[in-house]
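1. Below: sequence and its predicted model.
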Amino acid sequence: MLHDLALISPQLILLVAALFTLVADPFLPVDASRRFWGLFGAGMSGLAILACAALWKFGPYEMSTPAFSYHLAASGHALFFTALIAMCALVTHLSSPAYLTEQDSHYGEYYALLHFATFGMAVMVAAESLVTLFIGLEIMSMAIYVLVAFKRTSAASVEAGMKYFIMGSVASAFLLYGIAFLFGLSGGTSFIEIQRALLSPKPGQDLWLGLAVVLTGGAFLFKVAAVPMHMWTPDAYEGAPTPITGFMSSAVKAAAFGSFLKFLYAGISGPALASLHLPLGQVLGCFAVLTMTVGNILALTQRSIKRMLAYSAIAHAGYLLLGTVATIDDPTLGTPFLAPTGAVPFYLVGYALASLAGFAALASLGKDGEELTTEGQLAGLSKRHPIAALALTVSVLSLAGVPPTLGFFGKLQILRDVLAVDNGKYLPHVIILVLNSVVSAYYYLKVPVAMYMRPDSRVHREYVREPNLTWAMALPAFALLALGVMPGRAMGWASRSEQAIRAGSEAANTAHSYAVVKGGGSAKGVVATVAPEKPATAPVP
């Protein structure tokens, strides 16, 4: 039991931080609360990152009890995405106190909700069961709904939270219906049980498996803001507090794609899905093309930077969706089982850093309840607030895919990996991605042009100048440039994480059950085997 608790220490750290914040805040004076909770949240998020790093370096480890192994994992995939989500939370905690004070919305429950949202995301990406994934999703969603509407005196914020809540509830219902179909097919909700049931095609299975994939896939497409489930995104991004917009753009998207990859390639990948008369890769490719095109076209006409970045987030969801079709044969199981390449997690690192830097810079623009988020209000910003201007410039250049930022190498890796699938099967999709990237450069480059090349606005503007907020802008911007110069290390981490997308016990169980089925027997009644505490890992490319 203690061994398994140690393996979920990153999640436990985030949960303890949430509970402590919730209990202790009423006893702190207002001034002390403003100074303390941002630094405390950043410190606890950093501690969770260190716990992930330790488990990554000295692992991989396997859960020792079925109660844990059937519901949570400490696999490379789970640790990578948990660390990425905790990093997003760290920057959000640093950028929040000064912004909330200026917006007259500084309440201690904000930080508790932020911790709960981060904890829910960490559970999602570590889930080994659809029920566990759903619980993590709801913990995250309930906290995010409130955070989006946290500016209580703003009608736009409250409206955004309500829209997000209503549409998110529908998506959760779709996910539950899909889980019900998978439970009916497999008799269980853990990925091990689902894999065991789908090891061979069965008569009459196609219809129900297809419905399960469509319903659960639709729920995930909502969470990643893919077209046509994107309608909530612009209003939610624009109405939410600016640090929360950055958190949604980075951490929520990372959690959604992390759990989606786990569902696709450790949950339903295998012989039954391969025989299904549903070209899943082509369907995802079509959604990707539609999403990136709609997102970029709608972003062209936006004057609000927050709203433009919201439509940009939709476009990037399309790029990432195309990256999900890039697969290799599973290194632990072989054909017909598939595993994703490291392109999606690698791209998410660059996208998360760019979003955090950009929205932290926007959080510093405006005082006393005012927010400066239009192109005209950014005129001459390079002279009045050079750090914010530089951070925002690096952010949009990375989002546009301009070298040597990390965003360029993220797009390049997706192009390479997708082109390698079936000898260029997705070449038309790649061409559309490149054309969309060219289109996006127009609205991204308008931002630095306004800040550096337009004359200074005659209207006097005030800005938030606070050390923690400066760090929140500077650190992600510096990381984008540093990792852009040396992208190989980050790509190695991402590749290693997807090689270990299946927990060792899951891979061992699936391999044994598939051998039984291929040998003419039945997989029924096969007991899950637990891998050694430290199995060999595949070499990092």
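-> Nice, I can see it.

2. where does Asp451 land on pLDDT?
-> If you look again at residue 451, you'll see it is Met, not Asp. We have a pLDDT of 87 for Met451.

3. Burial check on it, number of neighbours?
-> Residues near Met451, counting by other CB atoms under 10 Å, number 25. Placement of C-beta: from N, CA and C, glycine included.

4. backbone phi and psi for it, please?
-> Dihedral pair for Met451: phi -80, psi -30, per degrees, to the nearest 10.

5. who's in contact with it?
-> Residues near Met451 by CB atoms under 8 Å, 6 or more residues apart in numbering: Leu378, Ala379, Gly380, Leu381, Ser382, Ala389, Leu392, Thr393.

6. Okay, now the unreliable bits of this structure?
-> Low-confidence segments of the chain (pLDDT under 70): 60, 201, 270-278, 334-335, 367-369, 456-462, 504-509, 512, 514, 516-541.

7. dump the residue contacts of the residue nearest the centre of it.
-> For the chain, Ala254 is the residue whose C-alpha lies nearest the centre (CA atoms, centre = their mean; 0.9 Å). Going by CB under 8 Å, 6+ apart, Ala254 touches Phe81, Leu84, Ile85, Cys88, Met121, Val125, Leu348, Ala352.

8. tell me which element it falls in.
-> Using DSSP states H and E, Ala254 falls within helix 253-262.

9. Please compute how far that helix lies from its chain's middle.
-> 6 Å (CA atoms, centre = their mean, to the nearest Å).

10. Please report how far Lys151 lies from Gly43.
-> To Gly43, Lys151 is 26 Å away according to CB to CB, to the nearest Å.

11. nope, Glu370 is what I was after
-> Counting by CB to CB, the gap from Glu370 to Gly43 is 31 Å.

12. cool, and Ser440?
-> For Ser440, the distance to Gly43 - CB to CB - is 36 Å.

13. List the contacts of Val146.
-> Val146 touches Leu113, Gly161, counting by CB under 8 Å, 6+ apart.

14. do the one 5 residues further on as well
-> If you count contacts by CB under 8 Å, 6+ apart, Lys151 has them with Gln103, Ser105, Ser157, Val158, Gly239, Ala240, Pro241.

15. ok, now Thr245?
-> By CB under 8 Å, 6+ apart, Thr245 lies in contact with Tyr237, Glu238, Lys306, Leu309, Ala310, Phe359.

16. what's the closest non-adjacent residue to Leu338?
-> Distances taken as CB to CB, 6 or more residues apart in numbering put Thr327 closest to Leu338, at 4.3 Å, once the chain neighbours are dropped.

17. and the one you found, what is it in contact with?
-> Tyr265, Gly281, Leu338, Ala339, Pro340, Thr341, Val421.

18. got it, and Val16?
-> Shown in contact with Val16 (CB under 8 Å, 6+ apart): Met44.

19. From the contacts of Lys151, which land in strands?
-> The members of the contacts of Lys151 all map outside strands under DSSP state E.

20. Top of those by number of neighbours, please.
-> Neighbour counts for the contacts of Lys151 peak at Ala240, which has 29 neighbours (criterion: other CB under 10 Å).

21. just checking, it touches Glu159?
-> No - using CB atoms under 8 Å as the test, Ala240 is too far from Glu159 to be in contact (11.0 Å).

22. Let's verify Arg307: helix, strand, or coil?
-> helix (DSSP: H, G, I helix; E, B strand; the rest coil).

23. right, I mislabeled it, should have said Met44
-> Three-state secondary structure (criterion: three-state DSSP) places Met44 in helix.

24. tell me the contacts of it?
-> Ile13, Leu14, Val16, Ala17, His115.

25. Repeat the analysis, applying 7 Å as the threshold.
-> Contact analysis of Met44 by CB atoms under 7 Å, 6 or more residues apart in numbering lists Ile13, Leu14, Ala17.

26. so how far is Ala89 from the spatially closest residue to the last one that is not a sequence neighbour?
-> Leaving aside its chain neighbours, Ala17 sits nearest to Met44 (3.8 Å; criterion: CB to CB, 6+ apart). Applying CB to CB, the value for Met44 to Ala89 is 9 Å.

27. what do you get for Ile192?
-> Going from Ile192 to Ala89 by CB to CB gives 30 Å.

28. try Tyr177
-> 31 Å.

29. between these two, which one's more packed in?
-> A count of neighbours by other CB under 10 Å puts Ala89 above the other of Tyr177 and Ala89, at 28 against 17.

30. where's the more buried one relative to His3, distance?
-> Ala89 is 26 Å from His3, by CB to CB.

31. cool, and Met121?
-> Counting by CB to CB - Met121 and His3 are separated by 24 Å.

32. try Leu372
-> Going from Leu372 to His3 by CB to CB gives 52 Å.

33. Mind checking which of the contacts of Thr327 are in helices?
-> Judged by DSSP state H, the contacts of Thr327 include Gly281 as members of helices.

34. Which of the contacts of Thr327 are buried, as a ChimeraX select command?
-> Provided next is the ChimeraX selection string for whichever of these are buried by 16 or more other CB atoms under 10 Å:
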select :265,281,338,339,340,341,421
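
35. Let me have the contacts of Thr327 in CSV, extended by distance to Ser69.
-> Output for the contacts of Thr327, formatted as CSV (distance: CB to CB, whole Å):
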residue, distance to Ser69
Tyr265, 19
Gly281, 30
Leu338, 23
Ala339, 20
Pro340, 22
Thr341, 26
Val421, 32
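
36. tell me which of the contacts of Thr327 is nearest to Cys52?
-> Nearest to Cys52 among those is Pro340, at 19.6 Å by CB to CB.

37. what sits opposite that closest one in the beta ladder?
-> Per DSSP bridges, the residues bridged to Pro340 are Thr327.

38. Surely Leu321 and Phe287 touch.
-> Yes - using CB atoms under 7 Å, Leu321 makes contact with Phe287 at a distance of 5.7 Å.

39. The two: which is more packed in?
-> Comparing Leu321 with Phe287 by other CB under 10 Å, the one with more neighbours is Leu321, at 27 against 22.

40. Helix or strand: which one has that one?
-> helix 305-323.

41. And that helix, how far out from the chain middle?
-> 12 Å.

42. list the contacts for Ala117?
-> Contacts for Ala117 (CB under 7 Å, 6+ apart) come out as Met140, Ala143, Ile144, Leu147.

43. Export those as JSON lines, with columns for distance to Leu480 and secondary structure.
-> Output for the contacts of Ala117, formatted as JSON lines (distance: CB to CB, whole Å; DSSP: H, G, I helix; E, B strand; the rest coil):
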{"residue": "Met140", "distance to Leu480": "25", "secondary structure": "helix"}
{"residue": "Ala143", "distance to Leu480": "27", "secondary structure": "helix"}
{"residue": "Ile144", "distance to Leu480": "25", "secondary structure": "helix"}
{"residue": "Leu147", "distance to Leu480": "25", "secondary structure": "helix"}
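
44. From the residues you listed, pick the one nearest Ala24.
-> Lowest distance from Ala24 to those (CB to CB) belongs to Ala143, with 18.0 Å.

45. shouldn't the closest one be in contact with Leu113?
-> Yes - Ala143 is in contact with Leu113 according to CB under 7 Å; the separation is 4.4 Å.

46. so Ala18 touches Phe116, yeah?
-> Yes - between Ala18 and Phe116 a contact is recorded at 4.7 Å, counting by CB under 7 Å.
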